[in-house]
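Asker: Attaching a predicted model along with its sequence, questions to come.
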Number of protein chains: 2
Amino acid sequence: MTDKTEHSEKMQKLLDLIAELSDLSHISAVLGWDQYVNIPPGGVEERGTQSAALGRILHEKFTTDEVGQLIADLEEEVGDLTAETDEARAVKVIKKQYEKQTKVPLPLIMESIKATTVANNAWVEAKTKSDFSIFEPHLEKIVDLRKQYADLFKPFDHIYDPLLDDYEPGMKTADVKEIFDALRPQQVALLQEIAEKEPPDNGFIKQNFKEEYQKIIGRYVITRFGYDWNRGRLDVAPHPFTTEFGLGDVRITTRYLEDDGVSALFSTMHEAGHAMYGQGVAEKYKRHPLSGAASLAIHESQSRLWENIIGRSKEFWSFFYPSMQMLFPEYLTDISLTDFYRGINRVEPSYIRVEADEATYNLHIMLRLEIEIGLMEGTIEVADLPEIWNTRMEEYLGITPPDDAQGVLQDIHWSGGMIGYFPTYALGNLASVQLWDKMLEENPNVPDEIARGEFDTILGWMREHVHQYGSKYEPQEIMIKATGSKITPEPYVQYLRDKYGEIYSL
Amino acid sequence: MTDKTEHSEKMQKLLDLIAELSDLSHISAVLGWDQYVNIPPGGVEERGTQSAALGRILHEKFTTDEVGQLIADLEEEVGDLTAETDEARAVKVIKKQYEKQTKVPLPLIMESIKATTVANNAWVEAKTKSDFSIFEPHLEKIVDLRKQYADLFKPFDHIYDPLLDDYEPGMKTADVKEIFDALRPQQVALLQEIAEKEPPDNGFIKQNFKEEYQKIIGRYVITRFGYDWNRGRLDVAPHPFTTEFGLGDVRITTRYLEDDGVSALFSTMHEAGHAMYGQGVAEKYKRHPLSGAASLAIHESQSRLWENIIGRSKEFWSFFYPSMQMLFPEYLTDISLTDFYRGINRVEPSYIRVEADEATYNLHIMLRLEIEIGLMEGTIEVADLPEIWNTRMEEYLGITPPDDAQGVLQDIHWSGGMIGYFPTYALGNLASVQLWDKMLEENPNVPDEIARGEFDTILGWMREHVHQYGSKYEPQEIMIKATGSKITPEPYVQYLRDKYGEIYSL
């Protein structure tokens, strides 16, 4: 716990304020979780009003001139905000938040909260009925609100920059384009090499796996990983997500598909990766300015690490496959471990991003980034999205979604106003391999440990080098401290080449 | 919806303020529901801080001098606060709340919120382990805080009056004692007459009824009653309760016992009765000063109506018993409808209040009232509660609980600081029969309708005479308007005599 006597009077004042705002924003997270997991249709309207009321209070309490003065005074008191102390970094983080929020007029915030609350329900209905027209007017409203938001941060190099910065502090649209431009040809080349080979069979996984047993193995795996059930829970929601109500309550959701035996398991491992990051932040940052994550890409590096690098590895399955075979003998008794491993790593262009394999996943992201940039630049109209989506899916992946539910309506993000979020998924993929490589260099026995169902070394390393710091360091700082390098595509490409080289005999 | 143009500027200001406070207090209800239904142990501490933060904001926003002045101005503007208009009654209700809350210092409120949050968890643990000593220091703290609270309302006729008034506006300790004193000898006399007769068998119900099927019939019954699933949901919690997040989201909980086939069903009907009251408040009272219930006794009149008068009636079971027999053929095939009806109405002194039959229930309440009055007067010590509880159970009901989990620890109320609440259960029993009698007088076909599984007439009558008014009228006003009489014990005694007279051939 933070010792009050350590701090100056002004610093303590800031910490007390942030502690209260942290409580309120965790309450807001409870309202959101309940809305996605539990709410009956009749409760949606009032919940929107409630969330808006809380959002208004949060905004009002934070964006006062008094808080601005306090931050200015503290900046003077602290001096260099990039110093290594928690105090300097706390002021740095809060100062940036303050500058962002005071630029945004309250009516725009209120309108955005209301619009996204209604839009989320429209999206659920639109996805259920696979009817984009239900969602279209809501998305238009959201794009308009996001443009208004971005315009507040003029001058900028690109209108997409302010949105991206909300999720990935310090990252620019140009940086992402550069990384993606280096990555795209290498992924495409790999994909072409793979396409020339005979794909492994994965039909055995596309059968009716009993939901109850899917739950059993999902819970078992993440328990072994180190997900702390004392400080979390797993529920069902249409779109898997992780949410934090504090250091002591980091919840995840998943959804069980009737015709796929591993999809829910991978999404559960993915969300557990996010959640273990949240659970791993240092106790001293409870209700503290640095309690958050470094960025979404760093967050995603953790989810993709557990879902893919570990969860789709040969060593992982050499330990867990017998349990799978026990639960689903009717489908797996005659499938060897090798065939299972090759099957779940089959590269196959698919409609749904969250189910995409590692070799195609980033192409889904590139598609979304181009659409988002187009929407923000005004070169793409919302009404044209289903067509644009389907055309580009055909171009990039060679397939056309059969309906909008499996196309443009598949993701929740836009309904929540989260434009600028998607690129962090691909950046997270890249970062996950960089962190993994470094951890492995220092702990060459880790593959053997995984094959024994042991994950303490991995989780311990991530806690030490990533989790504990919360948002003390910016994402690229974390990467440099942990791995010696900024986010860069080469290790990821090498990882894909090594992995698929073996599976496909390239 | 309330039309803004109808109101004076000041009245609109009050309505806007109350609308926001209503949002915040519904958020607080979400936090509470989640804490009882979902929270992992690690999240409890932070949740306490979060609830406290929200409670503080609610209190601060309401108890300003400005609000006091607004209420005073509106009282002058409106004139007679007991007039029939919504405006007059809104000012009356808010004025009373304001006077109550401004008397309570903020530190006492904060301490109470924190103490009850911690106490609730201690109670859960104490009940699980059946160890009163775990709960004892927390209850002592709560009693102390409740005394401090009551003392703020001096002068009073009795220290218990201010607590009782929070749940039953206008009711005095002396009134309740008078009603109970008239009721006790008649219930005791009836119980003695019943004790001389051969009790019907109910062993068939004390078997292992499959939880999944208990859920099916519970959901079916309350759907038939008219519980609106579009504006609610049913979950599992250790102690059944109803909570409201607005007119559009009124949730209930129950718990399934492994060794009792109807306990969960009765508790589900009970909570559905509460919830249908909440769902039945007029739409115009959404986020309005009059959106609440008239009182807890009126609330309980609704829950007991559906649970007991309807749910334990012969007509009810003539319709639903075939469904029960279908779900549980192994236990019920050989039990006739008459034997089932007599069995579930068997009078039997029991440990647990919520499972008590109609003939003994009020004695459980009288026991609690005496203890609560003793605690508040200082004539009973918390440390002596297990012994006092067991001694009086023996005196009143002739049985001694085998452990504290089935004795003094059975109810959640005290852990939440709810001293003064229990008497409303017995008052609700009395009111339920008064309302039922009047409804039946006007609709003599209702028993036939119940036997056909139809409940529209009953729900419609309750909506018209009770639900729609929200908290516009005080409880005794509601009773006089609906039935022509204040709450009085005679109809309840007559109801018991008629019902058990037939079952026991008295």
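Answerer: Structure received.
Asker: wait, isn't A:Ile310 in contact with A:Gly453?
Answerer: No - contact between A:Ile310 and A:Gly453 fails when scored by CB atoms under 8 Å: they sit 11.3 Å apart. (Glycine included, C-beta is placed from N, CA and C.)
Asker: Helices along the stretch 101-250 of chain A, start to end?
Answerer: In chain order, the stretch 101-250 of chain A shows helices spanning A:106-129, A:132-151, A:161-167, A:173-195, A:211-225, with DSSP state H, counting those that start in this stretch as the criterion.
Asker: and these as a markdown table, adding distance to chain B, mean neighbour count and mean pLDDT?
Answerer: Supplementary listing: the helices of the stretch 101-250 of chain A in a markdown table, determined by distance: least, CB to the nearest CB, whole Å; neighbours: other CB atoms under 10 Å in any protein chain shown; pLDDT from 0 to 100:
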| stretch | distance to chain B | mean neighbour count | mean pLDDT |
| --- | --- | --- | --- |
| helix A:106-129 | 12 | 18 | 91 |
| helix A:132-151 | 19 | 18 | 97 |
| helix A:161-167 | 24 | 21 | 95 |
| helix A:173-195 | 35 | 16 | 92 |
| helix A:211-225 | 12 | 18 | 97 |
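Asker: picking that back up, more neighbours: which of A:Ile310 and A:Gly453?
Answerer: When A:Ile310 and A:Gly453 are compared for neighbours, A:Ile310 comes out ahead with 22 against 16, by other CB atoms under 10 Å in any protein chain shown.
Asker: what's the pLDDT at the more buried one?
Answerer: Reading off the confidence values, A:Ile310 has pLDDT 98.
Asker: tell me the contacts of it?
Answerer: For A:Ile310, the contacting residues are A:Phe225, A:Met269, A:Phe316, A:Ile450, A:Phe455, A:Ile458, taking CB atoms under 8 Å, 6 or more residues apart in numbering or on different chains as the criterion.
Asker: What of A:Ala451?
Answerer: Contacts for A:Ala451 (CB under 8 Å, 6+ apart) come out as A:Glu315, A:Phe316, A:Ser318, A:Phe319.
Asker: For it, give me the pLDDT.
Answerer: At A:Ala451 the predicted local distance difference test score is 98.
Asker: According to the record, where do the domains of chain A fall?
Answerer: Following automatic domain parsing, one finds the domains of chain A at A:4-102, A:173-504.
Asker: which of those domains sits most buried?
Answerer: Looking across those with neighbours counted as mean count of other CB atoms under 10 Å in any protein chain shown, the highest average goes to domain A:173-504: a mean of 19.
Asker: That one: end-to-end distance?
Answerer: In domain A:173-504, first residue to last residue: 35 Å (CA to CA, to the nearest Å).
Asker: and it, how far out from the chain's middle?
Answerer: On the basis of CA atoms, centre = their mean, to the nearest Å, the separation between the geometric centre of domain A:173-504 and that of its chain is 9 Å.
Asker: quick one, the host helix or strand of A:Val493 and helix A:173-195 angle?
Answerer: Secondary structure assigned from DSSP states H and E places A:Val493 in helix A:490-504. Counting by axes from the mean of the first three to the mean of the last three CA atoms, to 10 degrees, helix A:490-504 lies at 10 degrees to helix A:173-195.
Asker: how about the nearest residue to A:Asp80 once chain neighbours are set aside, what does it touch?
Answerer: Across the structure, with CB to CB, 6 or more residues apart in numbering or on different chains as the measure, the residue nearest A:Asp80 apart from its sequence neighbours is A:Ala88 (6.3 Å). With CB under 8 Å, 6+ apart as the criterion, the residues that contact A:Ala88 are A:Val78, A:Gly79, A:Asp80, A:Leu81, A:Thr82.
Asker: Ramachandran angles for the third one?
Answerer: Spelled out, that is A:Asp80. For A:Asp80, the backbone dihedrals (degrees, to the nearest 10) come out as phi -80, psi 110.
Asker: Could you do the fourth one as well?
Answerer: The phi and psi torsions at A:Leu81 (degrees, to the nearest 10) take the values phi -80, psi -10.
Asker: any idea of the pLDDT on it?
Answerer: Looking at A:Leu81, its pLDDT reads 96.
Asker: Am I right that it is in contact with A:Val91?
Answerer: Yes - with the criterion set as CB under 8 Å, A:Leu81 and A:Val91 qualify as a contacting pair; they are 5.6 Å apart.
Asker: Need the overlap of contacts for the two.
Answerer: With contacts defined as CB under 8 Å, 6+ apart, the residues shared by A:Leu81 and A:Val91 are A:Glu75.
Asker: which secondary structure element contains the residue of the stretch 51-200 of chain A found nearest chain B?
Answerer: Minimum separation of the stretch 51-200 of chain A from chain B (CB to the nearest CB) falls at A:Ala53, amounting to 4.0 Å. Secondary-structure element containing A:Ala53, defined by DSSP H and E: helix A:44-62.
Asker: Which members of the contacts of A:Ala451 occur in strands, if any?
Answerer: Residues of the contacts of A:Ala451 located in strands (DSSP state E): none.
Asker: Redo these as a markdown table? Include distance to B:Leu435 and pLDDT.
Answerer: Converted to a markdown table, the contacts of A:Ala451 look like this (distance: CB to CB, whole Å; pLDDT from 0 to 100):
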| residue | distance to B:Leu435 | pLDDT |
| --- | --- | --- |
| A:Glu315 | 68 | 98 |
| A:Phe316 | 63 | 98 |
| A:Ser318 | 68 | 97 |
| A:Phe319 | 64 | 97 |
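Asker: Show me the residues you listed that map onto helices.
Answerer: If you go by DSSP state H, the contacts of A:Ala451 have A:Glu315, A:Phe316, A:Ser318, A:Phe319 in helices.
Asker: In contact with the closest residue in space to A:Gln50 that isn't next to it in sequence, which residues?
Answerer: In this structure, A:Gln50 finds its nearest non-sequential neighbour in B:Asp23, 4.5 Å apart by CB to CB, 6+ apart. Contacts for B:Asp23 were tallied using CB under 8 Å, 6+ apart; they are A:Glu46, A:Thr49, A:Gln50, A:Ala53, A:Leu54, B:Arg287.
Asker: Which one of these is nearest to B:Ser350?
Answerer: A:Glu46 (39.6 Å; CB to CB).
Asker: Just give the nearest non-adjacent residue to the closest one, would you?
Answerer: Spatial nearest neighbour of A:Glu46, chain neighbours left out: B:Gly246 (3.4 Å); criterion: CB to CB, 6+ apart.
Asker: these two touch, right, that neighbour and A:Gly43?
Answerer: Yes - the pair B:Gly246 and A:Gly43 passes the contact test of CB under 8 Å, sitting 6.4 Å apart.
Asker: Please name the residues that touch the residue of the stretch 301-450 of chain A found nearest chain B.
Answerer: When distances are taken as CB to the nearest CB, the stretch 301-450 of chain A reaches nearest to chain B at A:Gly416, 18.9 Å away. Applying CB under 8 Å, 6+ apart, one finds that A:Gly416 lies in contact with A:Thr116, A:Ala119, A:Asn120.
Asker: Nearest to A:Thr102 among these?
Answerer: The closest of those to A:Thr102 turns out to be A:Thr116 (CB to CB; 21.2 Å).
Asker: Please tell me how far that closest one sits from B:Gln476.
Answerer: Computed with CB to CB, to the nearest Å, the distance linking A:Thr116 and B:Gln476 is 46 Å.
Asker: ok, now A:Asp456?
Answerer: From A:Asp456 to B:Gln476 the distance is 66 Å (CB to CB).
Asker: Chain B contacts on the stretch 251-400 of chain A?
Answerer: Within the stretch 251-400 of chain A, the residues that sit near chain B (CB under 8 Å from any CB of the partner chain) are A:Lys286, A:Arg287.
Asker: Helices of the stretch 251-400 of chain A, residue ranges please.
Answerer: Counting by DSSP H, counting those that start in this stretch, residue ranges of the helices within the stretch 251-400 of chain A are A:263-280, A:296-304, A:314-327, A:329-332, A:337-344, A:361-377, A:385-397.
Asker: Tabulate the helices of the stretch 101-250 of chain A in TSV, adding columns for distance to B:Gln468.
Answerer: As requested, these are exported to TSV (distance: least, CB to CB, whole Å):
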stretch	distance to B:Gln468
helix A:106-129	28
helix A:132-151	34
helix A:161-167	46
helix A:173-195	56
helix A:211-225	42
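Asker: Please consider this matter closed, and thank you.
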